[in-house]
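1. Below: sequence and its predicted model.
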Amino acid sequence: MDLKGKRVLVFGSGKSGIGAAELLGQVGACPVLYDGNPDLDKEAVLHKTASIKETDIYAGGLPEEVQKSLDLAVLSPGVPTDLPLVKSFYEQGLPVWGEVELAFRTGKGRVLAITGTNGKTTTTALLGKIMEDAEDSVFVVGNIGTPYTSKALEMTEDSVTVAEISSFQLETIEKFAPCVSAILNITEDHLNRHHTMEEYIRVKELIVKNQKPEDVCVLNYEDPVLREFGKNIVPQTVYFSSERRLEKGIFLEDGQIILKTEDQEISLVKTDDLKLLGKHNFENVMAAAAMAYYAGVSVESIRKSICEFTAVEHRIEYVTEKNGVVYYNDSKGTNPDAAIKGIQAMNRPTWLIGGGYDKGSSYDEWLNSFDGKVRSLVLIGQTKEKIREAAERLGVCSCILCEDLQEAVKICAEKAQPGEAVLLSPACASWGQFDNYEQRGDCFKEYVKNL
């Protein structure tokens, strides 16, 4: 679609929506901003979109005559596709794209895309570093924090885009086609949005929808859903495994990460030489290394980059030690499976801060993973009663309920003894109390440093 002169609705006024509106304005389209919040501060939004002239903004309701005047709708990732307004777009035959689809159609060069329930941000950041060390023009975009649309027009035919793609973004792709993709794992998450695991899995697997036979998809062999999925897809399947030796792929064996192709076996790196800790991080390294290798990066360059890479902020991030107590920020642990990785990484008795927005998850598996490490579970947010009830039913540990994160940090600091740890690893989204997990992690670090 030639966007010049087209009247395009951008649904959502957050970072992604603003990025999409800016892009549309730059390519000569006429963006119309809409947000379902009737109390939206239109002046503040206009200030953010100062580079776009004559942008119409609607909040709460969208007039029928405006809807009928549209040529295209672009949804921000946070907008569910089953909203009545979005359904009405489809019913009137209006094309509906996501922010990722818009960026892909206007950008250039090769795209390497990563999805999965957990590990996306670390893998994306690591692959971004590998590609930046090897290529001249690299963009690291998506859920990692930089909207894809904000960089699309800077891309050239020689550019490489490394994109962290969520299930929300995959729902609205049409032509989006990475040359190398990866699905790291699939565990229960976002069921409040997708409603069933079957639908969540279907959406995640859309990442290969437009890939060709010469393209590559990297999959986790130890995820039974992905192991089966890899048998019948169009792109070449490359598996990674932390549990077994593979005939072809990349695997962990005797403290080494080994890459095995059809004609050679390469010892890529010793895990002792990595700055990342834990089996889940070794899986992230394998996925990123495999993607880079099949994108044409040399083994020597990959090895150098992965040995230099340090942990991502908010993912089992060391904060400080006070009075013999070590504090860790794992705010990126936004679901039970991610939070399991957080507690498994602890090597001392731990005061665990959990709870937040309720995404409809079950917390039993997370609670059962504590393995006696958790001195007490200090709970905040919408899910605190639900988690306490589950913890009491399972008999895993005592619980303390707090009004907010600041109180939780204060209580942990008062009760933790030298040689113990305090870990923020909520197993829940941050919404309701914070704008995002980054803000939650930043507040935690600030509260700790001010103790």
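-> Looks like it came in fine.
2. Every contact and neighbour count from this point should use C-alpha atoms.
-> Noted.
3. Tell me which helix or strand Thr161 sits in.
-> Take DSSP states H and E as the rule and Thr161 turns out to sit in strand 160-164.
4. Over to Arg227?
-> Using DSSP H and E, Arg227 sits in helix 224-229.
5. Can you tell me the SS state at Leu219?
-> strand (DSSP: H, G, I helix; E, B strand; the rest coil).
6. Residues in a beta bridge with the nearest residue to Pro426 once chain neighbours are set aside, which ones?
-> For Pro426, ignoring the flanking residues on the chain, the nearest one in space by C-alpha to C-alpha, 6 or more residues apart in numbering is Gly354 at 3.6 Å. Note on Gly354: beta-bridge partners by DSSP bridges are Leu379.
7. Would you mind listing where the stretch 151-300 of the chain has pLDDT under the threshold?
-> Low-confidence segments of the stretch 151-300 of the chain, defined by pLDDT under 70: 188-195.
8. in it, which spans are strands?
-> Using DSSP state E, counting those that start in this stretch, the strands of the stretch 151-300 of the chain run over 160-164, 180-183, 216-220, 236-241, 249-253, 256-260, 265-270.
9. got the contact list for the residue nearest to Asn436 when sequence neighbours are not counted?
-> The spatially closest residue to Asn436, leaving aside those adjacent along the chain, is Ser430, at 5.5 Å (C-alpha to C-alpha, 6+ apart). The contact partners of Ser430, by C-alpha atoms under 8 Å, 6 or more residues apart in numbering, come to 334, 356-357, 436-437, 440.
10. can you redo those as JSON lines with pLDDT?
-> Formatted as JSON lines, these follow (pLDDT from 0 to 100):
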{"residue": "Thr334", "pLDDT": "94"}
{"residue": "Gly356", "pLDDT": "96"}
{"residue": "Tyr357", "pLDDT": "94"}
{"residue": "Asn436", "pLDDT": "94"}
{"residue": "Tyr437", "pLDDT": "95"}
{"residue": "Arg440", "pLDDT": "98"}
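11. from those residues, which is closest to Ser150?
-> Asn436 (19.5 Å; C-alpha to C-alpha).
12. what about the helices in the stretch 351-451 of the chain?
-> Secondary structure of the stretch 351-451 of the chain, counting by DSSP state H, counting those that start in this stretch: helices at 364-368, 384-394, 405-415, 437-449.
13. out of those helices, nearest to Pro213?
-> Comparing the helices of the stretch 351-451 of the chain by C-alpha to C-alpha, helix 437-449 comes nearest, at 37.4 Å.
14. now for the closest one, which elements pack on it?
-> If contacts are counted by 3 or more C-alpha pairs under 8 Å, 6 or more residues apart in numbering; DSSP states H and E, helix 437-449 sits against strand 317-322, strand 325-329, helix 405-415.
15. For Glu171, see how far away Leu206 is.
-> Counting by C-alpha to C-alpha, to the nearest Å, the separation of Leu206 from Glu171 is 8 Å.
16. Val238 too?
-> Between Val238 and Glu171 the distance is 24 Å, computed by C-alpha to C-alpha.
17. Does Ile114 belong to a helix, a strand or coil?
-> With three-state DSSP as the basis, the three-state label of Ile114 is strand.
18. Assess the claim that it and Ala163 are in contact.
-> Yes. Under the criterion of C-alpha atoms under 8 Å, Ile114 makes contact with Ala163 at 6.2 Å.
19. what sits in contact with each of those two?
-> Counting by C-alpha under 8 Å, 6+ apart, the residues touching both Ile114 and Ala163 are Thr124.
20. any idea of the pLDDT on Pro95?
-> pLDDT recorded at Pro95 is 95.
21. likewise the one 4 residues further on?
-> At Glu99, the pLDDT value in this model is 91.
22. separation between it and Gly109?
-> Separation of Glu99 from Gly109 (C-alpha to C-alpha): 18 Å.
23. Just to check, Val140 is in contact with Ile165?
-> No. Under the criterion of C-alpha under 8 Å, Val140 is not in contact with Ile165, lying 11.2 Å apart.
24. got the CA positions of stretch 256-267 in PDB?
-> Output of stretch 256-267 as PDB, limited to C-alpha atoms (Å, rounded to 0.1, in the frame of the first residue of the first chain):
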ATOM      1  CA  GLN A 256      30.800 -26.100  26.400                       C
ATOM      2  CA  ILE A 257      28.500 -24.700  23.800                       C
ATOM      3  CA  ILE A 258      29.000 -26.600  20.600                       C
ATOM      4  CA  LEU A 259      27.700 -25.800  17.100                       C
ATOM      5  CA  LYS A 260      27.200 -28.800  14.900                       C
ATOM      6  CA  THR A 261      26.500 -28.300  11.200                       C
ATOM      7  CA  GLU A 262      26.100 -30.900   8.400                       C
ATOM      8  CA  ASP A 263      29.900 -30.900   7.800                       C
ATOM      9  CA  GLN A 264      31.600 -29.700  11.000                       C
ATOM     10  CA  GLU A 265      31.500 -29.500  14.800                       C
ATOM     11  CA  ILE A 266      32.600 -26.300  16.400                       C
ATOM     12  CA  SER A 267      33.400 -25.700  20.000                       C
END
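25. For that stretch, buried residues please.
-> 256-260 (16 or more other C-alpha atoms under 10 Å).
26. export stretch 88-99 as PDB, just CAs?
-> Output in PDB follows, covering the C-alpha atoms of stretch 88-99 (Å, rounded to 0.1, in the frame of the first residue of the first chain):
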ATOM      1  CA  SER A  88     -15.800  -3.200  13.400                       C
ATOM      2  CA  PHE A  89     -12.700  -2.200  11.400                       C
ATOM      3  CA  TYR A  90     -12.500  -5.800  10.000                       C
ATOM      4  CA  GLU A  91     -16.200  -5.800   9.300                       C
ATOM      5  CA  GLN A  92     -16.000  -2.700   7.200                       C
ATOM      6  CA  GLY A  93     -13.100  -4.200   5.300                       C
ATOM      7  CA  LEU A  94     -10.500  -1.700   6.600                       C
ATOM      8  CA  PRO A  95      -6.900  -3.100   6.500                       C
ATOM      9  CA  VAL A  96      -5.600  -3.500  10.100                       C
ATOM     10  CA  TRP A  97      -1.800  -3.600  10.700                       C
ATOM     11  CA  GLY A  98       0.300  -3.600  13.800                       C
ATOM     12  CA  GLU A  99       3.200  -1.300  14.500                       C
END
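27. Please point out which parts of it sit buried.
-> Going by neighbour count (16+ other C-alpha under 10 Å), the buried part of stretch 88-99 is 89, 94, 96-99.
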